[in-house]
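> quick one: sequence plus predicted model below, questions after.
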Amino acid sequence: MRPWNTSPQSALRYLLNEWDPIGVADEVRDEYDCMLAPLLGRLRGGASQSEIAEFLQRELEEHFGLDPLGQMPDVVAARVVAWWTSAGPAEGAASA
């Protein structure tokens, strides 16, 4: 699957499943869907890479109960922001 040729939700799901901080994406493809709408909202609102990283870190700690240090939320935030920027405004404006 090529995330840049799909809907924003599918592309973001692909990136989150590739990250797979709890190691279940092969069996549970929608495990991280709880982060889709909040991330898309932040991206559409112009959130910075550091704001996205902070959100991911909080989700790891508070929602998934993980220590975020080994999970590299900053690296994933960079990938998410790079994808969002390359998708362009038309892609970003698609439905959430």
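Received, thanks. Quantities reported herein were computed from a predicted structural model and do not represent experimental measurements.

> how many neighbours does the closest residue to Trp84 other than its chain neighbours have?
Spatially, and ignoring its direct neighbours in sequence, Trp84 is nearest to Leu43 (4.7 Å; C-beta to C-beta, 6 or more residues apart in numbering). For every residue, glycine as well, the C-beta is placed using N, CA and C. Using other C-beta atoms under 10 Å, the number of residues around Leu43 comes to 20.

> would you mind confirming that Ala77 is in contact with Leu56?
Yes. Contact criterion C-beta atoms under 8 Å: Ala77 and Leu56 qualify, at 5.9 Å.

> more crowded one of the two?
Neighbours were counted for Ala77 and for Leu56 using other C-beta under 10 Å; Leu56 has more, 25 against 22.

> using PDB, list the CA coordinates for the helix or strand containing the more buried one.
Assigned by DSSP states H and E, Leu56 belongs to helix 49-58. The C-alpha coordinates for helix 49-58 follow below in PDB (Å, rounded to 0.1, in the frame of the first residue of the first chain):
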ATOM      1  CA  GLN A  49       6.200  18.700  14.400                       C
ATOM      2  CA  SER A  50       6.900  19.200  18.100                       C
ATOM      3  CA  GLU A  51       3.200  19.500  18.800                       C
ATOM      4  CA  ILE A  52       2.500  16.300  17.000                       C
ATOM      5  CA  ALA A  53       5.400  14.600  18.900                       C
ATOM      6  CA  GLU A  54       4.000  15.800  22.200                       C
ATOM      7  CA  PHE A  55       0.500  14.400  21.200                       C
ATOM      8  CA  LEU A  56       2.100  11.000  20.300                       C
ATOM      9  CA  GLN A  57       4.100  10.900  23.500                       C
ATOM     10  CA  ARG A  58       1.000  11.600  25.600                       C
END
